[in-house]
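# Here is my input; please provide its structure:
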Amino acid sequence: MTPDTPALLPALTAKVRAAAHPEPGGAPCACGSTPLADRPDATVVRHADTVAKAHAPDTDPAELTLRLATATRLPDVLLAPRTATPAVLHDRLVTFWPYGAPVDPDDPDAAPWEPAATLLARLHRTPPEGPLPPMRGPAKAAHAVGRLGAAVSAASRPAASAVLRAWTSLPAWARAEGPMPGTPALCHGDLHLGQLVRHPAPDGPWRLIDVDDLGLGVPAWDLARPAAWYACGLLPPEEWSRFLTAYREAGGPAVPPDGDPWPALDVPARALTVQTAARAITKALMADRPLDEVEQALVDACVRMSSVPRQLTRGFPA
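Okay, here's the model as predicted:
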C-alpha cells in the first residue's frame, strides 16, 4: 500500500459514487461500493456500473490523456473511458470507466484465449493516429528487475543471480535501454487474461482494459506472456495453440502467418520471463517465504536462458 492509501480509498469511493449517480439532489443510493484493487500502482473501486481507477503516482497526465483518446477511438477493441481527461485526487490521476465482467479465475477451461488474440490482432493492425508514447512493456520489465536488485544481494541469492544474468543477456531495447526495433505498432503493453472484461456485463463482447502501458512498440511483446508461460511449461500446448492460431487467423502482424513464430517471440518471451521471475523473488523476499512451484519454474527458465545458447525452436530451452 502507498502511504496515502487510507485517505485515498474513501475519497476515491466518494468520487466513483458521485460519477455513478450524477443527478443533483438525488436520494442516497444503496448500491454499495466494492474495492477491486489496492496496490501501489493502482487503486480501483466499483460503484454500480461505474469504476474509478487511481493511477500510479508517477503517471504522466499528457501521456495518459493520449492513451484515453486511443481507447475512445477504438471501442470495438478497448473498453472506452467515461471521461476523456483524468481527474486529480490526492495527487493521483483518476479515470472513470464502465464496469465490465472479468475473466472467471475459477473456470480455466473458459479462458478467452481466442477473443484475447483476436482483439490483439485488431489493435496491432490499427494505424496509429497522432502522437503516442512508447509502449511501456520494456520499462516495466526494467522496473521489476531494478526492484529485485535493490531488494537482494545477487551474490548471496542464487535465484536472483540467475534472473539478473538472464536480464543482461537480453538486447538493449528489451531492457528499455534503446529504441524498439522495426515498424512500431499500436500495442497494449501488458497483456494477460486479467486485462479482458465483458461489456456490458455479464455476457457482452470481450474488450481489453488498462491503458496505462498502451503505446507504440514491438507487437510481439503483447504475445510474450502466454508465449513465456508455454515455454516454461505453465501453459498447456493446446491453449497456446488456440491463442496463436486465433491471432494468425485475425491477421495479427507480430508473427508470420505460418511457420515458426519463435524468431519473433523469443526476445519478448525471455524478457517477460525475467520480469515475472524478478517480481516473484521480490515478493517472496518481502514475505520471508520460499518460492512456490510456479515461481521456481520461472527462475529455472532464467537459469536455462543464461546457461545455454539461444534456441528459437520453442522460445528457450524447456
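
# Walking through the stretch 101-250 of the chain, point out its strands one by one.
Secondary structure of the stretch 101-250 of the chain (DSSP state E, counting those that start in this stretch): strands located at 101-102, 185-187, 196-198, 206-208, 215-217.

# Just name the most buried of these.
strand 185-187 (a mean of 25; mean count of other Cβ atoms under 10 Å). For the C-beta atoms, the positions are set from N, CA and C on the backbone; glycine is no exception.

# Quick one: closest of the strands of the stretch 101-250 of the chain to residue 32.
Among the strands of the stretch 101-250 of the chain, strand 101-102 comes nearest to residue 32, with 17.0 Å by Cβ to Cβ.

# Report all helices and strands that that closest one contacts.
Strand 101-102 sits against strand 196-198, with contacts defined as 3 or more Cβ pairs under 8 Å, 6 or more residues apart in numbering; DSSP states H and E.

# same for the strand it packs on, what does it pack against?
Looks like strand 196-198 contacts strand 101-102, helix 113-125, strand 206-208 (3+ Cβ pairs under 8 Å, 6+ apart).

# Make TSV from those and add mean pLDDT to it.
Output for these, formatted as TSV (pLDDT from 0 to 100):
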stretch	mean pLDDT
strand 101-102	96
helix 113-125	98
strand 206-208	98
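
# possible to save the ones you listed as a markdown table with distance to residue 250?
Shown next, in a markdown table, are the helices and strands packed on strand 196-198 (distance: least, Cβ to Cβ, whole Å):
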| stretch | distance to residue 250 |
| --- | --- |
| strand 101-102 | 22 |
| helix 113-125 | 4 |
| strand 206-208 | 13 |
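
# what's the single longest helix in this structure?
helix 262-287 (DSSP state H).

# and it, which residues are buried?
262, 264-282, 284-285 (16 or more other Cβ atoms under 10 Å).

# Also stretch 121-132?
121, 122, 123, 124, 126, 132.

# Return the member of those nearest to residue 46.
Using Cβ to Cβ, those come closest to residue 46 at residue 123, 24.9 Å.

# all helices in this protein, in order from the N-terminus.
With DSSP H as the criterion, the chain has helices spanning 5-20, 61-73, 113-125, 137-151, 158-168, 224-231, 237-249, 262-287, 293-307.

# could you say what helices and strands the second one packs with?
When contacts are defined as 3+ Cβ pairs under 8 Å, 6+ apart, helix 61-73 sits against strand 92-98.

# Tell me the helices and strands packed up against the strand it packs on.
So strand 92-98, by 3+ Cβ pairs under 8 Å, 6+ apart, packs with helix 5-20, strand 50-55, helix 61-73, strand 87-89.
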